[in-house]
Structure formats: structure tokens, C-alpha cells
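Visitor: I need the structure of the sequence given here:
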Amino acid sequence: MNKPKTRPALPQAHDLEPGLVVATYGRHCLVETPEGRRLICHPRGKKNQVVVGDQVLWQIAGDEGSIEKLQDRRNLFYRQDEIRTKSFAANLDRVLILIAADPEYSESQLSRALVAAEAERITPIIALNKSDLAQPFAQAWERLAPYRAMGYSVMPISLSPRSPVADDGVAALCKHLQGLTTLVLGPSGSGKSTLINRLVPDALVETGEISLALNSGKHTTTSTRWYWVPALDGSAEDGAARTALIDSPGFQEFGLHHIEPTRLADCMPDLRQHLGGCKFYNCTHLHEPGCAVLAQVETAEHPGTISVRRHRIYAQLFDELSQQRW
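Guide: Have a look, this model is predicted:
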């Protein structure tokens, strides 16, 4: 009589090694051990669920590693449209949204990134590049006034080597990054690579090494990558946390289909501070009488605390998120 086949025993937690995911591409990922060694790993199963910043448990599988367990995440920063979900990184302290004064940045895309960060309770920082361009920068800085009024940190910087300024703002920005894990986010051409190369002198070398390790060639430039920033670390004797930057691909669209329309106002600080004062409990803050939010939208006669542009963005997003659920 044939004996029934038995499945191989799954590895026990005490047999596994901890690691940090520092790069991903397709079915491959690069895991860093607590000692600083890096090796290629493959997640168990058909679908790769790990992202940069994930803490995992892995074991040796031949010359590489096998990820056996994904540890609990503090947060996951991602975007979602009608077709796909794009995860950027996990376990973040900050999201640095880097935009430029020229060409003109999209306030809709900026607002979407801020909503995604608020939804995951991640502190966002806005950095406006090209402070060396006097007139475009002044106009862009004025457009950011509502965001400064909301309490967001909005930092002026200049990353142009051709037009150096006395204070390029990078040192002030670094004070907001020290000892933290920060995702650097922004549209193509905003200066993300320049900032990464400025703070991580070996970034180009490390990118090449990751490409070689993952055998992904030029495609690695479109993936997310983790960089340690020793220059911003405190004293090891004082137990200071290490500083990390996560470089992400540029984007032109930022879908928020993972957010319920009724949750949208809570992810926009200028609207959130007036929630709870509306006449109707299910107020959409678009047309209802007795709406505490609408009462704060600026008009020619009433300054208000919510700009017309911001409420227009809210209305557009609410309509977009409502339509997708029919």
C-alpha cells in the first residue's frame, strides 16, 4: 500500500534570520542582514508581496535566500488606480515630496501624495526646488501658502550646481530627516536623483551594484531603492537611530482608489479641523446647508481658512473616488 505523501515541514521562526528589504525588482529582492551583508532573496509563493522597507524573516536556499515571513508593518505608502496598485515602501517615518518651481508643479498631484501620506499617518515634508529662480520660485512659494497654513513643513531648496546660492536649504532640510526613514517622492525632473547623490556620494556605485546583483540592468532605475545616509547619523555611542533615504520612480499620475470618499476630508488637514460641526452627520462638504467646511471656504467677502483651490481639489477627488465604486 502506498504511503500518503507528506508535505515538507515549514521552517520554524527560531530557524530563520531577520533582514531588511533594500531593493525589489520583479521576483527578486535584495535583503540586508543586521550585520550589513546583502543577498538576493525570493519570496515564497507566486506573488511578491514584499516592498522596500519591509522587515522579513528568511533562510538560505542554495546560493540565495527564501523569504519565509513578512513582519508586521507600521505603515505602507502606495497608490492605486483602476488597473493596478503601486506600493512604494513600508515602515516610513517621513515622506519627502520634492517639487520644483519650474516647470510648474501640479497641485493636484501634490495634494494626492499628501492624502496618501495622511491616510497612513506618515508625516509629509514638502521641499520646493529651484529657489535660485527668483520669479518662478516666488510664484510657486505663494501657491504653497495654504500648505504652510495647514502646518506642513515647506522647505525652500536649490539643487542646481549651475546656479549656486549662499544658502541652498539642504542643511535645513536634513534636520528634518536625521535619524529617520524617509521616502523621497516626486515627479520626474524634480531633483530626486540630485538630492540622493548629494547626500549619498556612493549612490551611483550602489545602484550599479544592485543592478548587477538583481541582474536587472537599466530597469533597476525604475524601481525603489534604500540608501543609508551615514553623514546624517548621530553618535553610535548615544544610541542614535540611523538615517535612511528611499529613492522612488518618478510618476505622472497618483491614484487614490484605495481611499473611501467619506474618509477623504479626514486626510486633508484644512478640512479636517472643521469636521464634526456640520448639520448632517453624512455631509459630503460639497453642497449641504449647515456645512461647517463650506462655511470656511474663502470668498471675496469672507477670507475663510480653506482656499478655493483646495476645496476644488477635494470636490474633484470626492467625485473621482465616488464614481469608481458604482
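Visitor: ranges for the helices of the stretch 1-150 of the chain?
Guide: Assigned by DSSP state H, counting those that start in this stretch, the stretch 1-150 of the chain shows helices spanning 107-119, 134-143, 145-149.
Visitor: For Ile259, find the nearest of those.
Guide: Of all the helices of the stretch 1-150 of the chain, it is helix 107-119 that lies closest to Ile259, at 5.6 Å by CB to CB. All C-beta atoms are positioned from the backbone trio N, CA, C, and that covers glycine.
Visitor: average pLDDT for the closest one?
Guide: Across helix 107-119, the average pLDDT comes to 97.
Visitor: List the buried residues in that helix.
Guide: Residues of helix 107-119 classed as buried by neighbour count (16 or more other CB atoms under 10 Å): 107, 109-119.
Visitor: Counting by contacts, list what it packs against.
Guide: Applying 3 or more CB pairs under 8 Å, 6 or more residues apart in numbering; DSSP states H and E, one finds that helix 107-119 makes contact with strand 76-80, strand 94-100, strand 123-129, helix 308-323.
Visitor: I'd like to know which of those is closest to Ala203.
Guide: Closest to Ala203 of the helices and strands packed on helix 107-119, according to CB to CB: strand 94-100, at 15.2 Å.
Visitor: Only C-alpha atoms, please: export the closest one in CSV.
Guide: Listed in CSV are the C-alpha atoms of strand 94-100, where the atom choice follows Å, rounded to 0.1, in the frame of the first residue of the first chain:
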residue,chain,number,x,y,z
ARG,A,94,8.5,60.6,6.7
VAL,A,95,7.5,61.2,3.0
LEU,A,96,9.6,64.0,1.4
ILE,A,97,7.6,65.3,-1.5
LEU,A,98,10.0,67.1,-3.8
ILE,A,99,8.6,69.5,-6.4
ALA,A,100,10.2,72.2,-8.5
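Visitor: Which parts of the chain are strands?
Guide: Listed in chain order, the strands found in the chain under DSSP state E are 17-25, 28-32, 38-43, 55-61, 64-70, 76-80, 85-90, 94-100, 123-129, 153-156, 181-185, 225-228, 244-247.
Visitor: And the longest one, what's buried?
Guide: So the one you mean is strand 17-25. Quick answer for strand 17-25 (16+ other CB under 10 Å): 19-25.
Visitor: And the fifth one, by the same measure?
Guide: Neighbour-count burial for strand 64-70 flags 65, 67-68, 70 (criterion: 16+ other CB under 10 Å).
Visitor: what's the average pLDDT for that strand?
Guide: 92.
Visitor: Is it possible to get JSON lines of the buried residues of helix 107-119 that adds distance to Leu133?
Guide: Converted to JSON lines, the buried residues of helix 107-119 look like this (distance: CB to CB, whole Å):
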{"residue": "Glu107", "distance to Leu133": "18"}
{"residue": "Gln109", "distance to Leu133": "20"}
{"residue": "Leu110", "distance to Leu133": "18"}
{"residue": "Ser111", "distance to Leu133": "23"}
{"residue": "Arg112", "distance to Leu133": "25"}
{"residue": "Ala113", "distance to Leu133": "23"}
{"residue": "Leu114", "distance to Leu133": "24"}
{"residue": "Val115", "distance to Leu133": "28"}
{"residue": "Ala116", "distance to Leu133": "28"}
{"residue": "Ala117", "distance to Leu133": "27"}
{"residue": "Glu118", "distance to Leu133": "30"}
{"residue": "Ala119", "distance to Leu133": "33"}
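Visitor: Closest one to Gly169 out of the residues you listed, please.
Guide: Leu110 (18.1 Å).
Visitor: Pull the residues that contact stretch 147-155.
Guide: 110, 114, 124-128, 144, 169, 172-173, 176, 269-270, 305 (CB atoms under 8 Å, 6 or more residues apart in numbering).
Visitor: Just the terminal-to-terminal distance for it.
Guide: In stretch 147-155, first residue to last residue: 11 Å (CA to CA, to the nearest Å).
Visitor: What sits closest to Ile313 if chain neighbours are left out?
Guide: Spatial nearest neighbour of Ile313, chain neighbours left out: Ser111 (4.9 Å); criterion: CB to CB, 6 or more residues apart in numbering.
Visitor: what's that neighbour in contact with, if anything?
Guide: Per CB under 8 Å, 6+ apart, neighbours of Ser111: 268, 310, 313, 317.
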